[in-house]
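S.K.: Fold the following, please.
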Amino acid sequence: MNFKFPLNSFENIQTPFYYYDMDLLNATLDSVSGEAGKYGFKVHYAVKANANDRILEAIRAKGFGADCVSGGEVKKSLECGFPSSSVVFAGVGKADWEINLGLDNDISCFNVESIPELEIIDELAAKKGKVARVALRLNPNVNANTHHYITTGLEENKFGINQWDLEKVVACLAGLKNVELEGIHFHIGSQITDLLSFKDLCLRVNELQKWFVSQRIFPKVVNVGGGLGINYEQPDEHSIPDFESFFKLFDEFLELMPGQELHFELGRSMVCQSGVLMSRVLYIKNGVQTHFAIVDAGMSDLIRPALYQAYHKIENLSSQLENEKYDVVGPICESSDCFGKAVDLPQTKRGDLIAIRSAGAYGEVMANQYNLRELPKAYYSDTI
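M.R.: Numbering: from 1, shown residues only. Here you go, the predicted structure:
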């Protein structure tokens with residue numbers, strides 16, 4: 001175990017809580033900035049991964065933009081100091097008030113997913129005497145080879161405009177006076193660890209670009225979304241994802257037109273390894289075949305294992321005894337409230353401190369108050 005946690009500083013702090021390693025976060029952000037900067041690529045942080053104020057402020061301070069998928073995320077990004085010129089707004093179902101919020105703040109771009117959405121943005125912009133910048137989110141029909149709940153780039157998914165509708169969309173755009181085409185946008189899924197999926201995306205984007213050129217349309221921006229995965233099994237050996245290979249692949253295989261900008265919307269890969277969910281053991285319940293370590297964190301604090309059957313490495317920070325196997329479960333009245341089955345842990349007892357790793361993305365931001373539980377607090381390595 002390489003995870004360094006200041007045990008003495010948290011002896012009397014109530015669990016569960018989120019702990020963020022700010023040194024690791026900043027090192028990760030510097031890696032993203034450095035590798036993307038080699039090619040002049042621009043990165044917007046996907047706010048849905050983690051909307052903690054301290055995290056957002058750190059990301060903003062490094063000069064990244066904000067990728068938002070709700071009016072609430074747009075509002076939060078602006079409050080945390082992201083310039084409106086760096087805020088993009090995606091999402092398949094934007095409400096009128098959310099669109100108006102973006103228009104009132106002159107955000108950089110709306111990523112649009114259907115003709116009806118284009119028409120509503122045009123209508124609302126006309127009422128304000130404004131012209132909204134839009135990017136068309138296109139469905140590239142590229143398989144990201146990831147969990148079916150987080151695949152977004154196939155024809156069967158709800159996201160994006162399908163290729164057979166492109167001529168209708170372009171015709172619609174020609175008749176709208178209050179929207180301006182800024183770019184084209186893609187996103188094929190999340191937690192993608194096989195870079196070949198991104199190569200397939202590049203080749204597909206190249207094909208679609210040729211179609212736009214044939215229509216004498218030259219988008220200023222190509223936005224390829226995000227989706228780069230992290231290593232949940234070995235969080236210490238791979239604490240910073242391979243951003244070098246990721247950005248190099250796009251430089252090699254995506255053919256930009258002169259003057260075009262390439263944008264990304266990374267989320268999980270920027271923040272995930274810096275966050276840990278800390279919990280204490282309440283009870284050990286021994287059975288004939290299964291031993292249960294019942295902890296005070298539950299699926300309300302970290303829902304990914306229940307929602308996606310996702311793996312998180314679990315460590316006992318208090319014990320150095322011989323290993324036994326435990327089902328690590330929470331206190332919530334649901335059988336799905338389980339963080340891991342047959343987990344190898346040092347012999348565990350009541351009061352032991354448990355670390356659930358790689359929880360900086362889709363952890364705190366998805367916490368809820370099911371069973372009327374309190375939301376977990378957050379602590380930071382640079383303020384203890």
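S.K.: quick one, longest strand in this protein?
M.R.: strand 275-286 (DSSP state E).
S.K.: Each with direction, which strands does that one pair with?
M.R.: Paired neighbours of strand 275-286 in the sheet (DSSP bridges): strand 17-20 (antiparallel), strand 291-295 (antiparallel), strand 353-356 (antiparallel).
S.K.: who wins for proximity to residue 87 among these?
M.R.: Across the strands paired with strand 275-286, residue 87 has its closest neighbour in strand 17-20 (23.3 Å, CB to CB). The way it works is simple: take the backbone N, C-alpha and C, and place the C-beta from them, glycine included.
S.K.: What mean pLDDT does the closest one get?
M.R.: For strand 17-20, the mean pLDDT works out to 98.
S.K.: what residues does that strand touch?
M.R.: 5, 10, 52, 54-55, 274-278, 359-360, 363-364, 376-381 (CB atoms under 8 Å, 6 or more residues apart in numbering).
S.K.: circling back to that earlier point, Serialize the strands paired with strand 275-286 to CSV and add fields for distance to residue 328 and mean neighbour count.
M.R.: Listed next are those as CSV, based on distance: least, CB to CB, whole Å; neighbours: other CB atoms under 10 Å:
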stretch, distance to residue 328, mean neighbour count
strand 17-20, 17, 23
strand 291-295, 5, 21
strand 353-356, 7, 23
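S.K.: I'd like the ones you listed written out as CSV, with distance to residue 345 added.
M.R.: Conversion of the strands paired with strand 275-286 to CSV gives the following (distance: least, CB to CB, whole Å):
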stretch, distance to residue 345
strand 17-20, 19
strand 291-295, 7
strand 353-356, 8
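S.K.: end-to-end on stretch 221-228?
M.R.: 20 Å (CA to CA, to the nearest Å).
S.K.: where does the stretch 51-200 of the chain dip in pLDDT?
M.R.: Filtered on pLDDT under 70, the stretch 51-200 of the chain yields the residue ranges 143-159.
S.K.: Let's see that with 50 instead.
M.R.: Applying pLDDT under 50 to the stretch 51-200 of the chain flags the ranges 146-154.
S.K.: just how off-centre is the longest strand of the chain within its chain?
M.R.: The chain centroid and the centroid of strand 275-286 are separated by 26 Å, computed with CA atoms, centre = their mean, to the nearest Å.
S.K.: Tell me the buried residues in it?
M.R.: Buried residues in strand 275-286, counted by 16 or more other CB atoms under 10 Å: 275, 276, 277, 278, 279, 280, 281, 282, 284.
S.K.: which one of those residues is nearest residue 198?
M.R.: residue 275 (24.6 Å).
S.K.: Quick check: bridge partners of that closest one?
M.R.: residue 20.
S.K.: wait, it sits on residue 362?
M.R.: No - using CB atoms under 8 Å, residue 275 makes no contact with residue 362, being 9.8 Å away.
S.K.: Report the set of residues contacting both of the two.
M.R.: residue 50.
S.K.: Buried ones only from the contacts of strand 17-20, please, as a ChimeraX command.
M.R.: Buried subset of those, written as a ChimeraX selection, criterion 16+ other CB under 10 Å:
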select :5,10,52,54,55,274,275,276,277,278,359,360,363,364,376,378,379,380,381
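S.K.: show me the contacts for the closest residue to residue 123 other than its chain neighbours.
M.R.: Among residues not flanking residue 123 along the chain, residue 178 sits closest, at 7.7 Å (CB to CB, 6 or more residues apart in numbering). Residues near residue 178 by CB under 8 Å, 6+ apart: 121, 122, 123, 125, 126, 130, 131, 132.
S.K.: List just the nearest of these to residue 64.
M.R.: Distances from residue 64 to the contacts of residue 178, taken by CB to CB, are shortest for residue 132, at 22.8 Å.
S.K.: wait, doesn't the closest one sit right on residue 110?
M.R.: Yes - using CB under 8 Å, residue 132 is in contact with residue 110, at 5.9 Å.
S.K.: so what does whichever helix in the chain runs longest touch, helix or strand wise?
M.R.: Scanning the chain for the helix with the most residues, using DSSP state H, yields helix 196-214. With contacts taken as 3 or more CB pairs under 8 Å, 6 or more residues apart in numbering; DSSP states H and E, helix 196-214 sits against strand 179-185, helix 243-253.
S.K.: Single out the most deeply packed of the ones you listed.
M.R.: strand 179-185 (a mean of 21; mean count of other CB atoms under 10 Å).
S.K.: Tell me how many other residues surround residue 348.
M.R.: Residue 348 is flanked by 22 other residues according to other CB atoms under 10 Å.
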